[in-house]
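Undergrad: Return atomic coordinates for the entry below.
(2 chains)
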2 protein chains.
Amino acid sequence: MHPTGVDRGLAVLADPTRARILRMIRDAETGRVLVGNLAETLGLAQPTVSHHMRALLDEGVVERERDGRRVWYSLSPNSSDRVLALLGDPAQPVEPDIARISDDLSARFRGILSRETVAHYVADSHRLLAEGSRSPHLASRTAAFSATRLEDLARSNERDGAERPEVLFVCVQNAGRSQLAAAILRQLAGDRVVVRTAGSAPAGEVRAAIVNALDEIGVPIGGEFPKPLTDEAVKAADVVVTMGCGDACPIYPGRRYLDWELDDPVGRTPDQVRAIRDDIDRRVRALLGELISTASFVRLP
Amino acid sequence: MHPTGVDRGLAVLADPTRARILRMIRDAETGRVLVGNLAETLGLAQPTVSHHMRALLDEGVVERERDGRRVWYSLSPNSSDRVLALLGDPAQPVEPDIARISDDLSARFRGILSRETVAHYVADSHRLLAEGSRSPHLASRTAAFSATRLEDLARSNERDGAERPEVLFVCVQNAGRSQLAAAILRQLAGDRVVVRTAGSAPAGEVRAAIVNALDEIGVPIGGEFPKPLTDEAVKAADVVVTMGCGDACPIYPGRRYLDWELDDPVGRTPDQVRAIRDDIDRRVRALLGELISTASFVRLP
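TA: Numbers count the residues shown, from 1 in each chain, chains lettered A, B, ... in the order given. Take a look at the predicted model:
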């Protein structure tokens, strides 16, 4: 993208009236609005609104669709991702449909876990994610977090049958160190090791600096997001690696506990983040070597 | 987030000089700069630069760090994600370290696939992703795409041992219909079904409207991204579901082919996207019912 293009796009959106117009389009149930509706709701003259629409149209931010004598405006598909990011959170965040998520996950775990157990974990996961820093996509994160917890629960119930070692990385925000370690271990181990992460005080998002530091070494972050430490994650783990989270982690017999002393990458320069990443990389490789030689199995990933 | 706050933040960043300053900080090897460096590079007087830094500091966009008589500026950790998104693509995108990715994935597939095979697939995946629309995080996507392809290759080699059915969803951009179908099937099936997607002409990103439509029903998109259709994905699949991609899909004997006639959600209103999503949801549930009753196994997810 050409820098000048970025700056012009920003300038066009910086106008507060245009931001209000774009929010109205975003929040419209059908995803499109008429100039007349905009003028009425915003308390502006139609020519004023038309002037703003022309500027947004010229920048490719909105699209126009004729319907007889009426002209509908909608967000342009090509720029809507960026516009939605710029506008920030939607006015009315989606309230998770706990019953639907419970139904879907009950279907997934049929024959393994009861509907009541699944529903309990879905409701509890929703509560945990909602009470921390505001999670975007709370509904789908509730489902993903619940599913991981239910898998751990099922694994603990069937511990004899567990053939793959499980490693849990715990740091404070679950947005830096634990995500670096987990992503590198997943890259190297694939399906041979079950990898989990948690934070004693989870942040809202994995930090962009961490995603970039991983991308530099070709390691994907996947769909990971910060989440709290829960009991069944520790119970299901064979190895628990703590990184600066103090005494937040409950202790169960039979698990191996490691404490890695690592600097917190928050607020560090890219070079400092790289040094922390490479330190974690060395530790993860050593840990994987031990896990694989202990298990000494070769398994289809 | 309060709307006024968003608009003020936008206005502060809309100034082209400030955007240039933020790009210089972002691109600095150490992640921080001195006012003197900025003034020299931008050809501006120091007081002018200091005035801009004050505005950025007041908005919480940058942070200041004293080092003797020098004052370093860096992006504030709390707003850096948003600032990096606003600035668009980095000036110098990371060139994937193909050798490192090949080493890491060779370790993952040791005993299953040769180093040469892994290196070939990594190089080929990089080429395929780089030639389409520009992928962000090309290095980590190269690794993720390669790993999926290598898993499919290993599965095809060991077809007798394959105990889980594999379903491949193919549409044009791999950014809408195929992602909706795959995410819903993963939610319902967990590990009981291997789910893959591809596009005959992949877009750069899964569209935000699709991610939101999935979030509304509590279905996570995970770390998915659009990617091209490749031979081993079709070979590894038991069922190939095409959705509007015409004749792009190669035909192999022994696979089941389904063609789902669905509207393309690109440019549709949120209500129209929901209708397409719910249509896909019904078809996916019916397909899963067939797959599970055919296989008739219960397996730990």
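Undergrad: now check the helix or strand hosting A:Ala99, is it near chain B?
TA: Assigned by DSSP states H and E, A:Ala99 belongs to helix A:98-108. Yes - Helix A:98-108 is in contact with chain B by Cβ under 8 Å from any Cβ of the partner chain, via A:100-101, A:104-105, A:107-108. In this view, the C-beta of every residue, glycine as well, is placed from N, C-alpha and C.
Undergrad: Including pLDDT and neighbour count, could those residues go into JSON lines?
TA: Below are the residues of helix A:98-108 next to chain B laid out as JSON lines (pLDDT from 0 to 100; neighbours: other Cβ atoms under 10 Å in any protein chain shown):
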{"residue": "A:Arg100", "pLDDT": "94", "neighbour count": "16"}
{"residue": "A:Ile101", "pLDDT": "96", "neighbour count": "27"}
{"residue": "A:Asp104", "pLDDT": "95", "neighbour count": "23"}
{"residue": "A:Leu105", "pLDDT": "96", "neighbour count": "26"}
{"residue": "A:Ala107", "pLDDT": "93", "neighbour count": "18"}
{"residue": "A:Arg108", "pLDDT": "94", "neighbour count": "23"}
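Undergrad: My read is that A:Asp264 contacts A:Gly244, right?
TA: Yes - counting by Cβ atoms under 8 Å, A:Asp264 does reach A:Gly244; the two are 6.3 Å apart.
Undergrad: Between these two, which is the more surrounded one?
TA: Taking other Cβ atoms under 10 Å in any protein chain shown, A:Asp264 and A:Gly244 do not tie; A:Gly244 has more neighbours (19 against 14).
Undergrad: How about the secondary structure of that one?
TA: With DSSP: H, G, I helix; E, B strand; the rest coil as the basis, A:Gly244 sits in coil.
Undergrad: Centre-most residue in chain A?
TA: Here the mean C-alpha position of chain A is nearest to the C-alpha of A:Phe225 (Cα atoms, centre = their mean), at a distance of 3.6 Å.
Undergrad: Quick check: the gap between that residue and chain B.
TA: Distance of A:Phe225 to chain B, given as Cβ to the nearest Cβ, to the nearest Å: 9 Å.
Undergrad: Run through chain A and note the low-pLDDT ranges.
TA: Residue ranges of chain A with pLDDT under 70: A:1-14, A:29, A:81-82, A:85-86, A:88-94, A:132-135, A:159-162, A:247, A:294-301.
Undergrad: Show me it divided up by domain.
TA: Annotated domains of chain A cover A:3-87, A:94-162, A:163-295 [automatic domain parsing].
Undergrad: and the longest one, how far from the chain's centre?
TA: Mean C-alpha position of domain A:163-295 versus that of the full chain (Cα atoms, centre = their mean, to the nearest Å) differs by 16 Å.
Undergrad: got it, and stretch A:119-133?
TA: Relative to its chain's centre, stretch A:119-133 lies at 15 Å (Cα atoms, centre = their mean).
Undergrad: Please enumerate the helices of chain A.
TA: Along chain A, counting by DSSP state H, helices occupy A:3-14, A:16-27, A:35-42, A:46-58, A:80-87, A:98-108, A:115-131, A:138-157, A:177-189, A:208-216, A:231-236, A:270-295.
Undergrad: Comparing the ones you listed, which comes out most buried?
TA: Each of the helices of chain A was scored by mean neighbour count; the highest is helix A:177-189, a mean of 26, by mean count of other Cβ atoms under 10 Å in any protein chain shown.
Undergrad: Using TSV, please lay out the domains of chain A together with distance to B:Asn157.
TA: TSV is the format used below for the domains of chain A (distance: least, Cβ to Cβ, whole Å):
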stretch	distance to B:Asn157
domain A:3-87	39
domain A:94-162	26
domain A:163-295	16
